[in-house]
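Participant: Below is the structure, and that's it, no one-letter string:
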(Lines give C-alpha, C1' and ligand atoms only; values in the text may rest on other atoms or scores of the structure.)
Protein backbone atom coordinates (compact mmCIF):
# COMPACT_ATOMS: atom_id res chain seq x y z
CA UNK A 1 0.00 0.00 0.00
CA UNK A 2 1.34 3.43 -0.95
CA UNK A 3 1.95 5.65 2.09
CA UNK A 4 -0.23 8.67 2.75
CA UNK A 5 2.54 10.49 4.61
CA UNK A 6 6.27 10.73 3.91
CA UNK A 7 8.56 12.02 6.67
CA UNK A 8 11.93 13.27 5.35
CA UNK A 9 14.72 13.43 7.93
CA UNK A 10 18.12 14.80 6.79
CA UNK A 11 21.01 13.40 8.84
CA UNK A 12 24.57 14.57 9.34
CA UNK A 13 26.57 13.14 12.24
CA UNK A 14 23.44 12.44 14.28
CA UNK A 15 24.43 9.20 16.06
CA UNK A 16 23.42 10.70 19.41
CA UNK A 17 19.88 11.55 18.35
CA UNK A 18 18.80 9.17 15.59
CA UNK A 19 17.36 6.51 17.92
CA UNK A 20 15.30 9.09 19.83
CA UNK A 21 14.17 10.74 16.60
CA UNK A 22 12.97 7.39 15.26
CA UNK A 23 11.16 6.58 18.52
CA UNK A 24 9.31 9.89 18.71
CA UNK A 25 8.49 10.10 15.02
CA UNK A 26 7.02 6.59 14.89
CA UNK A 27 5.04 7.25 18.09
CA UNK A 28 3.52 10.35 16.49
CA UNK A 29 2.89 8.90 13.04
CA UNK A 30 1.15 5.83 14.47
CA UNK A 31 -1.51 8.28 15.66
CA UNK A 32 -2.05 9.56 12.10
CA UNK A 33 -4.95 8.23 10.06
CA UNK A 34 -2.93 6.66 7.26
CA UNK A 35 0.13 4.66 6.33
CA UNK A 36 3.47 6.44 6.43
CA UNK A 37 7.09 6.08 5.43
CA UNK A 38 10.17 7.49 7.12
CA UNK A 39 12.92 8.58 4.71
CA UNK A 40 16.33 8.97 6.38
CA UNK A 41 18.80 10.88 4.21
CA UNK A 42 22.38 10.48 5.38
CA UNK A 43 24.35 13.45 4.11
CA UNK A 44 27.81 11.90 4.24
CA UNK A 45 27.98 11.44 8.01
CA UNK A 46 31.39 10.61 9.50
CA UNK A 47 30.14 8.88 12.63
CA UNK A 48 27.86 5.85 13.13
CA UNK A 49 24.75 7.56 11.77
CA UNK A 50 24.54 5.53 8.55
CA UNK A 51 25.09 2.20 10.31
CA UNK A 52 22.43 3.03 12.88
CA UNK A 53 20.01 4.14 10.15
CA UNK A 54 20.64 0.88 8.30
CA UNK A 55 19.79 -1.11 11.44
CA UNK A 56 16.52 0.81 11.80
CA UNK A 57 15.65 -0.01 8.17
CA UNK A 58 16.25 -3.71 8.83
CA UNK A 59 13.86 -3.67 11.81
CA UNK A 60 11.13 -1.51 10.28
CA UNK A 61 10.05 -1.80 6.64
CA UNK A 62 8.38 1.61 6.85
CA UNK A 63 11.84 3.20 7.04
CA UNK A 64 14.00 3.90 3.99
CA UNK A 65 17.64 4.98 3.91
CA UNK A 66 19.19 7.21 1.28
CA UNK A 67 22.94 7.64 1.76
CA UNK A 68 25.11 10.16 -0.11
CA UNK A 69 28.67 9.42 -1.22
CA UNK A 70 29.82 12.56 0.64
CA UNK A 71 28.38 15.64 2.31
CA UNK A 72 26.31 17.57 -0.24
CA UNK A 73 24.50 19.86 2.20
CA UNK A 74 21.31 20.04 4.22
CA UNK A 75 19.18 21.57 1.45
CA UNK A 76 20.30 18.91 -1.03
CA UNK A 77 19.44 16.18 1.47
CA UNK A 78 15.94 17.61 1.83
CA UNK A 79 15.57 17.73 -1.95
CA UNK A 80 16.66 14.11 -2.34
CA UNK A 81 14.16 13.02 0.30
CA UNK A 82 11.36 14.90 -1.44
CA UNK A 83 12.27 13.28 -4.75
CA UNK A 84 11.93 9.81 -3.20
CA UNK A 85 8.77 10.61 -1.22
CA UNK A 86 5.69 8.61 -2.26
CA UNK A 87 3.17 10.12 0.14
CA UNK A 88 0.38 12.60 -0.51
CA UNK A 89 1.72 14.81 2.27
CA UNK A 90 5.48 15.23 2.80
CA UNK A 91 6.92 16.48 6.09
CA UNK A 92 10.51 17.73 6.53
CA UNK A 93 11.94 17.61 10.04
CA UNK A 94 15.47 17.56 11.47
CA UNK A 95 16.65 14.71 13.68
CA UNK A 96 17.76 16.89 16.60
CA UNK A 97 14.18 17.06 17.95
CA UNK A 98 14.25 20.83 18.38
CA UNK A 99 11.17 20.82 16.19
CA UNK A 100 8.71 18.62 18.16
CA UNK A 101 7.32 15.74 16.06
CA UNK A 102 4.00 16.14 17.87
CA UNK A 103 3.42 19.35 15.86
CA UNK A 104 3.21 17.18 12.70
CA UNK A 105 -0.31 16.12 13.70
CA UNK A 106 -1.37 19.79 13.73
CA UNK A 107 0.18 20.22 10.29
CA UNK A 108 -1.75 17.23 9.00
CA UNK A 109 -4.99 18.76 10.30
CA UNK A 110 -4.23 21.99 8.41
CA UNK A 111 -3.39 20.02 5.24
CA UNK A 112 -6.78 18.33 5.44
CA UNK A 113 -8.36 21.78 5.47
CA UNK A 114 -6.92 22.31 1.99
CA UNK A 115 -3.57 24.02 2.58
CA UNK A 116 -0.77 23.03 0.22
CA UNK A 117 1.98 24.22 2.59
CA UNK A 118 1.89 24.18 6.38
CA UNK A 119 5.03 25.58 8.00
CA UNK A 120 6.10 25.62 11.62
CA UNK A 121 6.60 29.12 13.01
CA UNK A 122 8.75 29.49 16.11
CA UNK A 123 7.26 31.54 18.94
CA UNK A 124 9.97 30.61 21.47
CA UNK A 125 13.46 29.16 21.24
CA UNK A 126 14.52 27.22 24.33
CA UNK A 127 18.10 26.53 25.33
CA UNK A 128 19.67 29.17 23.11
CA UNK A 129 21.83 32.12 24.10
CA UNK A 130 20.63 35.70 23.75
CA UNK A 131 23.22 36.17 21.00
CA UNK A 132 21.91 33.16 19.07
CA UNK A 133 18.31 34.37 19.37
CA UNK A 134 19.28 37.89 18.30
CA UNK A 135 21.30 36.76 15.27
CA UNK A 136 18.53 34.36 14.23
CA UNK A 137 15.94 37.13 14.44
CA UNK A 138 18.14 39.49 12.40
CA UNK A 139 18.82 36.72 9.88
CA UNK A 140 15.14 36.03 9.16
CA UNK A 141 14.19 39.70 8.91
CA UNK A 142 17.19 40.61 6.78
CA UNK A 143 16.33 37.73 4.48
CA UNK A 144 12.72 38.83 4.14
CA UNK A 145 13.78 42.40 3.36
CA UNK A 146 16.43 41.40 0.86
CA UNK A 147 14.67 38.72 -1.17
CA UNK A 148 11.95 39.23 -3.75
CA UNK A 149 9.87 36.42 -2.23
CA UNK A 150 7.70 36.74 0.88
CA UNK A 151 9.48 34.22 3.13
CA UNK A 152 7.76 34.01 6.56
CA UNK A 153 9.96 35.06 9.47
CA UNK A 154 10.97 32.70 12.30
CA UNK A 155 10.55 29.62 10.16
CA UNK A 156 12.97 26.89 9.14
CA UNK A 157 12.59 23.84 6.96
CA UNK A 158 10.15 22.17 9.36
CA UNK A 159 6.98 22.02 7.28
CA UNK A 160 4.44 19.88 5.46
CA UNK A 161 3.85 20.16 1.73
CA UNK A 162 1.21 18.52 -0.41
CA UNK A 163 1.97 16.15 -3.28
CA UNK A 164 1.15 18.91 -5.77
CA UNK A 165 3.66 21.28 -4.17
CA UNK A 166 6.27 18.52 -4.01
CA UNK A 167 5.85 17.79 -7.72
CA UNK A 168 6.45 21.45 -8.58
CA UNK A 169 9.48 21.71 -6.28
CA UNK A 170 11.28 18.65 -7.68
CA UNK A 171 10.64 19.88 -11.22
CA UNK A 172 12.54 23.13 -10.61
CA UNK A 173 15.90 22.84 -12.40
CA UNK A 174 18.08 25.05 -10.22
CA UNK A 175 20.94 23.38 -8.40
CA UNK A 176 21.60 25.79 -5.53
CA UNK A 177 18.56 24.90 -3.48
CA UNK A 178 17.18 27.17 -0.79
CA UNK A 179 14.15 25.02 -0.05
CA UNK A 180 12.13 27.31 2.22
CA UNK A 181 12.52 30.11 -0.33
CA UNK A 182 11.43 27.82 -3.15
CA UNK A 183 8.41 26.70 -1.14
CA UNK A 184 7.38 30.34 -0.70
CA UNK A 185 8.06 31.09 -4.37
CA UNK A 186 5.80 28.34 -5.75
CA UNK A 187 2.77 29.80 -3.98
CA UNK A 188 -0.29 27.64 -3.18
CA UNK A 189 -2.33 28.18 -0.03
CA UNK A 190 0.00 28.35 2.96
CA UNK A 191 -0.65 28.35 6.69
CA UNK A 192 1.46 28.61 9.84
CA UNK A 193 1.43 26.40 12.91
CA UNK A 194 3.03 28.22 15.88
CA UNK A 195 5.17 26.14 18.21
CA UNK A 196 7.94 26.35 20.81
CA UNK A 197 11.33 25.21 19.59
CA UNK A 198 12.96 22.93 22.12
CA UNK A 199 16.60 22.38 23.05
CA UNK A 200 18.58 19.86 21.04
CA UNK A 201 18.09 16.36 22.40
CA UNK A 202 21.88 15.84 22.08
CA UNK A 203 24.82 16.83 19.92
CA UNK A 204 25.74 20.25 18.57
CA UNK A 205 24.15 22.67 16.13
CA UNK A 206 25.02 22.16 12.46
CA UNK A 207 24.42 25.87 11.81
CA UNK A 208 26.96 28.04 13.65
CA UNK A 209 27.12 31.78 12.91
CA UNK A 210 29.62 31.38 10.05
CA UNK A 211 27.39 28.87 8.30
CA UNK A 212 24.30 31.00 8.93
CA UNK A 213 25.98 33.96 7.23
CA UNK A 214 26.90 31.85 4.22
CA UNK A 215 23.37 30.43 4.17
CA UNK A 216 21.93 33.96 4.16
CA UNK A 217 24.23 34.92 1.29
CA UNK A 218 23.10 31.91 -0.74
CA UNK A 219 19.46 32.78 -0.11
CA UNK A 220 19.90 36.40 -1.19
CA UNK A 221 21.74 35.44 -4.39
CA UNK A 222 19.04 32.86 -5.16
CA UNK A 223 16.07 35.20 -4.75
CA UNK A 224 17.23 38.78 -5.20
CA UNK A 225 19.26 41.03 -7.49
CA UNK A 226 19.39 43.87 -4.95
CA UNK A 227 23.12 43.44 -4.20
CA UNK A 228 23.86 44.11 -7.88
CA UNK A 229 22.06 47.46 -7.60
CA UNK A 230 23.98 48.65 -4.53
CA UNK A 231 27.30 49.24 -6.35
CA UNK A 232 25.52 51.36 -8.94
CA UNK A 233 24.01 53.59 -6.27
CA UNK A 234 27.28 53.78 -4.37
CA UNK A 235 29.10 54.49 -7.63
CA UNK A 236 26.84 57.44 -8.41
CA UNK A 237 27.20 58.76 -4.86
CA UNK A 238 31.00 58.47 -4.79
CA UNK A 239 31.34 59.89 -8.31
CA UNK A 240 29.28 62.97 -7.49
CA UNK A 241 31.09 63.39 -4.15
CA UNK A 242 34.46 62.90 -5.84
CA UNK A 243 33.80 65.53 -8.52
CA UNK A 244 32.62 67.99 -5.89
CA UNK A 245 35.69 67.34 -3.75
CA UNK A 246 38.08 67.72 -6.70
CA UNK A 247 36.49 71.03 -7.70
CA UNK A 248 36.78 72.30 -4.13
CA UNK A 249 40.38 71.09 -3.93
CA UNK A 250 41.26 72.75 -7.24
CA UNK A 251 39.80 76.07 -6.12
CA UNK A 252 41.71 75.85 -2.85
CA UNK A 253 44.95 74.90 -4.64
CA UNK A 254 44.68 77.92 -6.92
CA UNK A 255 43.98 80.17 -3.96
CA UNK A 256 46.34 79.01 -1.22
CA UNK A 257 48.09 75.84 -2.49
CA UNK A 258 47.80 72.22 -1.35
CA UNK A 259 49.21 70.98 1.97
CA UNK A 260 50.27 67.47 3.01
CA UNK A 261 47.09 66.83 4.96
CA UNK A 262 44.93 67.23 1.88
CA UNK A 263 47.11 64.79 -0.08
CA UNK A 264 46.64 62.21 2.69
CA UNK A 265 42.91 62.85 2.63
CA UNK A 266 42.86 62.26 -1.13
CA UNK A 267 44.67 58.94 -0.64
CA UNK A 268 42.12 57.96 2.01
CA UNK A 269 39.23 58.77 -0.32
CA UNK A 270 40.92 56.78 -3.09
CA UNK A 271 41.29 53.74 -0.83
CA UNK A 272 37.63 54.04 0.16
CA UNK A 273 36.54 54.10 -3.49
CA UNK A 274 38.76 51.11 -4.26
CA UNK A 275 37.17 49.26 -1.35
CA UNK A 276 33.70 49.91 -2.79
CA UNK A 277 34.92 48.74 -6.18
CA UNK A 278 36.23 45.46 -4.73
CA UNK A 279 32.99 44.98 -2.82
CA UNK A 280 31.05 45.44 -6.06
CA UNK A 281 33.28 42.88 -7.77
CA UNK A 282 32.53 40.47 -4.91
CA UNK A 283 28.78 40.84 -5.46
CA UNK A 284 29.14 40.26 -9.18
CA UNK A 285 31.44 37.28 -8.59
CA UNK A 286 28.80 35.64 -6.38
CA UNK A 287 26.26 35.77 -9.18
CA UNK A 288 28.75 34.67 -11.84
CA UNK A 289 29.85 31.69 -9.73
CA UNK A 290 26.17 30.73 -9.35
CA UNK A 291 25.73 30.88 -13.15
CA UNK A 292 28.88 28.77 -13.61
CA UNK A 293 27.65 26.20 -11.10
CA UNK A 294 24.30 25.92 -12.85
CA UNK A 295 25.91 25.68 -16.31
CA UNK A 296 28.19 22.75 -15.37
CA UNK A 297 25.17 20.50 -15.00
CA UNK A 298 26.71 18.12 -12.48
CA UNK A 299 24.38 15.87 -10.46
CA UNK A 300 22.86 17.52 -7.43
CA UNK A 301 24.00 14.56 -5.32
CA UNK A 302 25.46 11.07 -5.66
CA UNK A 303 23.82 8.09 -3.97
CA UNK A 304 26.12 5.53 -2.40
CA UNK A 305 23.42 3.39 -0.84
CA UNK A 306 19.65 3.18 -0.98
CA UNK A 307 17.71 0.77 1.24
CA UNK A 308 15.37 -0.42 -0.11
CA UNK A 309 15.82 0.78 -3.68
CA UNK A 310 12.94 2.35 -5.61
CA UNK A 311 11.31 -0.04 -8.01
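Facilitator: Ah, there it is. The structure displayed is predicted, hence computed values, not measured ones.

Participant: C-alpha only now, for contacts and for neighbours.
Facilitator: OK.

Participant: Who are the contact partners of residue 8?
Facilitator: The contact partners of residue 8, by CA atoms under 8 Å, 6 or more residues apart in numbering, come to 38-41, 78, 81-82, 85, 90-93.

Participant: Identify, from the residues you listed, the entry nearest to residue 272.
Facilitator: Taking CA to CA as the measure, residue 272 lies nearest residue 78 of the contacts of residue 8, at 42.4 Å.

Participant: how close does that closest one get to residue 11?
Facilitator: The gap separating residue 78 from residue 11 is 10 Å, by CA to CA, to the nearest Å.

Participant: Among the contacts of residue 8, which ones are in helices?
Facilitator: 78, 81-82 (DSSP state H).

Participant: So among the residues you listed, which ones count as buried?
Facilitator: Neighbour-count burial (16 or more other CA atoms under 10 Å) is assigned, among the ones in helices among the contacts of residue 8, to 78, 81-82.

Participant: Next, format these as JSON lines and append pLDDT and distance to residue 124.
Facilitator: Output for these, formatted as JSON lines (pLDDT from 0 to 100; distance: CA to CA, whole Å):
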{"residue": "78", "pLDDT": "92", "distance to residue 124": "24"}
{"residue": "81", "pLDDT": "93", "distance to residue 124": "28"}
{"residue": "82", "pLDDT": "92", "distance to residue 124": "28"}
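
Participant: chain center to the one helix or strand residue 184 maps to: distance?
Facilitator: Assigned by DSSP states H and E, residue 184 belongs to helix 179-186. Taking CA atoms, centre = their mean, to the nearest Å, one finds the center of helix 179-186 at 10 Å from the center of the full chain.

Participant: From the rest of the structure, what touches it?
Facilitator: 75, 78-79, 117, 149-151, 156-157, 165, 168-169, 219, 223.

Participant: Kindly report the same for stretch 63-71.
Facilitator: Residues contacting stretch 63-71 (CA under 8 Å, 6+ apart): 37-45, 50, 53-54, 56-57, 81, 301-308.

Participant: same thing but at 7 Å, please
Facilitator: 37-44, 53-54, 57, 301-308 (CA atoms under 7 Å, 6 or more residues apart in numbering).
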